[in-house]
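**Student:** missing the sequence, but the structure's below:
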C-alpha cells in the first residue's frame, strides 16, 4: 500500500514538473506568437498588435500567465489557438483521430511481427537465412523514416501508381481512406518492426544461454515450446518498455510520414505550432503526450510485475 | 481469454477510428472539366482571412482593382476609379453585372461594408482604420466614395489585395479572424469556394452560377496542397496535376528539367518582381559605413551565385535594387564582381589587416567578425557569401535559425548580415520599389526596418504624397539612385519564376502580383486540341 502511494506520488510529481516545463520551454524559445499570425509582407500597426496581445493573454505578467495556465490545466481547458482558429481541445481531437488511425495498426502489427520474427531469429541465430533477414531489418532500422517514406512513395505511388501521394482521403469512403493509409501504415510498420525485431532477437540470444532454458530442454521440450513457453516471456520485457514509449509518443511519432504524405495529423500540428510559437497548441499537445507517456509507463510497471514478480518488488 | 479480448477490443478501436474518419464532406468526383492545381502553399485553418486562402479566394471574392500583366493597376470589381486632386477621396464605380454566388446582386453597399469591416475587424488592415473618415454609397452611379482623413496615394494599389465580402453574409459574423467555414463561401467572381477540406488537403472552387461575364470551359478548380515540394513534384510528373502554383515563388529549379522531360508540361517564365538580397544591420559598424558596403559589393560573385543558387534561372543584378519588371525601373550600374577592387576599396576605407592574422580590422583595431543570420532556405547563399567575404579578409559566422527566431532577432537588430527575399507585394509596400523593407518607421515579419537616413525618408515621403505618374517616375528614379549610391541592401540575383503547366490547357495569363492565379487565366483557358 505504502509502495503504491509512493508510486502515485512519483507520477504526480513527474506530471507537475512536465506541465511546468510545458509552460516554460516554449517561452524560452526566441520568437513572438503574434508576428507569425500573418504573412511575411503584411504590416500591422502597434495598436493592432497590442489588441492581439491582449486577446491572446500575452500582455499579462509571466506569473499571472502561469497561474492562468494551471487554471486551464485543472479544467482540462487548453485555451484557444489564434493560428489554427479554434479551441485547442477540438483541434487536437480532430487531428488525433487520424494519427491514431495511422499509428495503432502500425504499433500492433510491428509488435506482433517484430517479436515473432525476432524470437525465431534469435533462437536460430546461426541460420544463414535469418542472418540475411537480420541484415535486411538492420537496413530498414538504419534508414531514417523520411527517407524510407520518399523511397516507398517513389516506387509504389509514382512508379507503380498503386497508392495516392497525399492526404487522408479524396472522396471520403472507407476504401478510399484505407487506400490512402496503406502505404504510410506499411512504412511505419516496417520501421517499427525492424526495431522490435532487433531488440527481440538480441534479447532471445541473451536468454537462451541461461540455465532455465537448458533445464527446459533437458525436460524434453521441443525448441518451439522452449521459445514460446519460457524464453519469450522473459525476452519480451525490453520490448514492452519500448511499446510503452511508443504509446507515449504516439501523437508526435509520425511527424516525417505526415509531412511526406501531406497528412494533417498530430505530428504536423505540433511541428507547425512549434514554428509559429502557438503556445496553447503546444501546451495541449505536450500535455496529452505527457499523460500518455506516464500512463503507459505505469501500465508497463504493472505488466512487469505480472510477467516477472521479482521486478514488482524493486520498482 | 485475455488475449482474445484484447484482439477484439483493438479491432473495435480500429474500426471505430475508420468509421469516425469517414464522410468528412469532400469534393465530389465529377465528369466535368476540372483543373487540378498543385501548391506548396498550405492552409492552417478554413478561415477566409488565412494568408493562403486569401490568395486562393482572389477569383471568388473580387478585389476592387487588380494588376494587368504589365503591372498597371486597372479596375476589377470596379469598372473604373478616380481620385480627387488631394488624393483624399477615391471613387470606385462598381460593375453592375456582378452577382454573388447565392443569386444576390453585388452592390456598392457591399463595398462600403467591406471597407469598414476590414478597418474595424482585420488587424492587418490597420492602415484603413488609421485614415478612414467615411465611405459613401452613390446609388445612381453604382459607386462608392472612400474619404480619408489625409491624402492616401496608394489606395488603388492597396485594393488589389482586399477581397470584397457580401454584406448579407458577413454582417452577422462578429469575429471574422476566428470564423471557420468549410463549405460554400459566397463569392462574386467566375468561381466561388465550395469546399475547404484540410483532411484531404484540397480547396475546391466551382463555377458561380450567376456569373454574367465570359464563361469558362473549366467547371471545377481543385487546389491540392502539399507539405513538401518532393511529393508535389511526383504528382506533377505522373500527370495528376495540371499546373503548379506558389504565391511569390517558382517551381523548384532543380526539378524543372525532369518535369519537361515527361513531355506533359510546358513552362511560363517570368522575371520575378521579388528578389534575393544581402541585408545589413546599418546600426552597427562597419555595415553603417557606406564605403564598407560599397567595397563588399565588389567581393560577391553574382554570376556564380545566380548559377549555383538559382541554377541558371537568375541574373546578375544592378546596384539600384529594383528589378526590371517593376514600373519606372531605372537602369543603374551593374553590380560587379572584382576581388582586387574590393580589397583596394576596403584598404582605402581604412579596413586593414594590421596584425597579419588574415582578418581585416575595423578603424578601432578590432577584427571584422560578422554574424550572418539566416533562415534555412538561405543557407546555401549564405555559405557562398561567407566564402566571398573570406577572400577579402572578412570573417563571417553563419547562424541558421527558424523563421520565428529570425524575425525576433532581426527585429532586435541582433545580427550583422542576413540574406532574405522580397515578395512582389513586398516590393509594392509603403513607398513601393522595395522601400518598405528598409524604412525604419515600419515593422513587419519580413522587413528589416534598418534605414533612417533623412534623404531616404524624404524620397519615401515624396512618393507617398503623389499619384501623378510624372512625379512618381522622378521619385522612383531618385530612390533607385539612392539605392545605387548607398547600397542599404545588396541584391544577390534577380530570378525568374517558373510555372509549369499541363499541355492539355492553353491560355494562361500571368500578372506580377499573383502569377497565374487570376480571373483572366480561368476565363481564357482552352483545352488543347
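**Tutor:** Sure, I can see it. What you are looking at is a predicted structure, and each value in this text was computed from that prediction instead of being measured. Numbering: from 1, shown residues only, chains lettered A, B, ... in the order given.
**Student:** who touches residue 233 in this structure?
**Tutor:** In the absence of a named chain, chain A is used. Taking Cβ atoms under 8 Å, 6 or more residues apart in numbering or on different chains, we find residue A:233 in contact with A:307-308. To be clear about C-beta, it is placed using only N, CA and C from the backbone, and glycine gets the same treatment.
**Student:** that was the other one, I meant chain B.
**Tutor:** By Cβ under 8 Å, 6+ apart, the residues touching residue B:233 are B:252, B:255, B:258-259.
**Student:** which among these count as buried?
**Tutor:** For the contacts of residue B:233, a burial check counting by 16 or more other Cβ atoms under 10 Å in any protein chain shown picks out B:252, B:255, B:259.
**Student:** list the buried residues of stretch B:155-174.
**Tutor:** So, applying 16+ other Cβ under 10 Å, buried residues of stretch B:155-174: B:155-167, B:169-170.
**Student:** what's the answer for stretch B:398-416, then?
**Tutor:** Neighbour counts over stretch B:398-416 (16+ other Cβ under 10 Å) mark B:398-399, B:401-411, B:415-416 as buried.
**Student:** what residue in chain A comes nearest to chain B?
**Tutor:** Closest to chain B within chain A is residue A:31: 3.0 Å, counting by Cβ to the nearest Cβ.
**Student:** could you report the pLDDT at the residue lying closest to that residue once chain neighbours are set aside?
**Tutor:** Nearest residue to residue A:31, sequence neighbours excluded (Cβ to Cβ, 6 or more residues apart in numbering or on different chains): residue B:404, at 3.0 Å. Looking at residue B:404, its pLDDT reads 89.
**Student:** residue contacts, residue B:404?
**Tutor:** Residue B:404 sits next to A:29-32, A:35-36, A:275-277 when contact means Cβ under 8 Å, 6+ apart.
**Student:** of those residues, just the buried ones, ChimeraX syntax please.
**Tutor:** With 16+ other Cβ under 10 Å as the criterion, this ChimeraX line picks the buried residues out of the contacts of residue B:404:
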select /A:31,32,35,36,276,277
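**Student:** can I get the contacts of residue B:404 in a markdown table including secondary structure and pLDDT?
**Tutor:** Listed next are those as a markdown table, based on DSSP: H, G, I helix; E, B strand; the rest coil; pLDDT from 0 to 100:
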| residue | secondary structure | pLDDT |
| --- | --- | --- |
| A:29 | coil | 84 |
| A:30 | coil | 82 |
| A:31 | coil | 79 |
| A:32 | coil | 78 |
| A:35 | coil | 70 |
| A:36 | coil | 68 |
| A:275 | helix | 87 |
| A:276 | coil | 87 |
| A:277 | coil | 88 |
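**Student:** for chain B, which strand is longest?
**Tutor:** Using DSSP state E, we find that the single longest strand of chain B is strand B:265-280.
**Student:** just for the chain, where's the confidence low?
**Tutor:** No chain in the question, so chain A it is. In the prediction, chain A carries residues with pLDDT under 70 at positions A:1, A:36, A:38-44, A:248-253, A:311-315.
**Student:** actually, chain B is the one I wanted.
**Tutor:** In chain B, residues with pLDDT under 70: B:1-31.
**Student:** repeat that for 80
**Tutor:** By pLDDT under 80, the weakly predicted segments of chain B are B:1-31, B:529.
**Student:** quick revisit: just checking: what are the partner strands of the longest strand of chain B?
**Tutor:** strand B:417-421 (antiparallel), strand B:489-502 (antiparallel) (DSSP bridges).
**Student:** show me what residue of chain B gets nearest to chain A.
**Tutor:** For chain B, Cβ to the nearest Cβ, closest residue to chain A: residue B:404, 3.0 Å.
**Student:** just checking, residue A:72 touches residue A:80?
**Tutor:** No: counting by Cβ atoms under 8 Å, residue A:80 is not a contact partner of residue A:72; they are 10.3 Å apart.
**Student:** centre of the chain versus the top helix by length along chain A, how much separation?
**Tutor:** Longest helix of chain A, by residue count under DSSP state H: helix A:88-123. Averaging C-alpha positions (Cα atoms, centre = their mean, to the nearest Å) puts helix A:88-123 8 Å from its chain's average.
**Student:** is chain B within reach of that helix?
**Tutor:** Yes: Helix A:88-123 lies within reach of chain B by Cβ under 8 Å from any Cβ of the partner chain, at A:97-98, A:100-101, A:104-105, A:108.
**Student:** list the buried residues in that helix.
**Tutor:** For helix A:88-123, the neighbour count (16+ other Cβ under 10 Å) marks A:88-89, A:91-92, A:94-111, A:113-123 as buried.
**Student:** contact residues of the stretch 201-315 of chain A facing chain B?
**Tutor:** Within the stretch 201-315 of chain A, the positions adjacent to chain B are A:258-262, A:264, A:268, A:272, A:275-277 by Cβ under 8 Å from any Cβ.
**Student:** quick one: buried ones out of these?
**Tutor:** Neighbour-count burial (16+ other Cβ under 10 Å) is assigned, among those, to A:258-262, A:264, A:268, A:272, A:276-277.
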